[in-house]
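1. Based on what follows, work out the 3D shape:
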Amino acid sequence: MKYGYISLALMLVVFVIAMSACTNLNGSTDQKQQSADQDKETNSQVMEKTSASMGDTKTFVMTGVNFRFFMDGMENPELRVKKGDKVVIEFQSTDGFHDFVIDEFNAATDRVNTGETTSVEFIADKTGTFEYYCSVGQHRANGMFGTLVVEE
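-> Numbering: from 1, shown residues only. Model (predicted):
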């Protein structure tokens with residue numbers, strides 16, 4: 001009987017230690033989960049701030065015909081963006097051999113023939129009014145140009 005009480009007491013001690021260890025493991029897991037949630041929230045805030053400082057993406061779909069650019073039926077339209085915006089120009093030649101160039105941003109599409117499409121993207125990192133144009137032959141001199149306005 002003496003050994004029965006000792007065995008029972010020993011089993012009770014082992015049980016208490018095991019339960020204590022499980023509680024610590026769960027507590028540790030909860031702390032790790034809280035830390036992971038905080039890291040995720042911090043990363044999300046950093047991404048939001050980075051996106052805000054980088055600006056929006058502005059996409060313009062333009063076509064080129066002999067000596068003119070068109071967008072939504074407008075000839076040589078004025079393009080407007082904010083400083084920091086990512087600008088995407090999707091350009092298609094519907095008549096002739098053309099490209100789209102803005103020197104101040106080192107932005108230029110490939111030269112394309114009728115029915116072909118190309119694009120260029122850049123960050124509008126300075127304010128002002130800039131000319132875009134077609135660099136093929138005398139197209140610019142014949143009126144194939146417009147303006148990009150970058151506002152603060």
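
2. Tell me where the protein has helices.
-> Counting by DSSP state H, one finds helices in the chain at the ranges 2-54.

3. Which phi and psi values does residue 106 adopt?
-> Here the main-chain torsion angles of residue 106 (degrees, to the nearest 10) amount to phi 50, psi 40.

4. Next one: it, what pLDDT does it get?
-> According to the prediction, residue 106 has pLDDT 98.

5. Based on its surroundings, how many neighbours for it?
-> Neighbouring residues of residue 106 were enumerated by other C-beta atoms under 10 Å; the total is 9. Any C-beta I mention is one placed from the backbone N, CA and C, and that applies to glycine too.

6. is it true that it touches residue 122?
-> Yes: taking C-beta atoms under 8 Å as the contact criterion, residue 106 and residue 122 are neighbours in contact, 7.2 Å apart.

7. pLDDT on stretch 122-141, on average?
-> Model confidence over stretch 122-141, given as mean pLDDT, is 98.

8. quick one: residue 101 from residue 79, how far?
-> Relative to residue 79, residue 101 is positioned 13 Å away (C-beta to C-beta, to the nearest Å).

9. Revised request: answer the last question for residue 136.
-> Applying C-beta to C-beta, the value for residue 136 to residue 79 is 20 Å.

10. same thing with residue 112?
-> With distances defined as C-beta to C-beta, the gap from residue 112 to residue 79 amounts to 19 Å.

11. now residue 66
-> Between residue 66 and residue 79 the distance, using C-beta to C-beta, works out to 21 Å.

12. Can you name the residues bridging to the closest residue to residue 105 other than its chain neighbours?
-> Nearest-residue entry for residue 105: residue 122, 4.5 Å, with adjacent residues in sequence omitted and distances by C-beta to C-beta, 6 or more residues apart in numbering. According to DSSP bridges, residue 87 are recorded as the beta-bridge partners of residue 122.

13. Then residue 149?
-> Beta-bridge partners of residue 149, counted by DSSP bridges, are residue 80, residue 129.

14. Distance check, it against residue 85.
-> 11 Å.

15. Neighbour count for the two, which is higher?
-> Neighbours of residue 149 and residue 85, each counted by other C-beta under 10 Å, are more numerous for residue 85; the result is 19 against 14.
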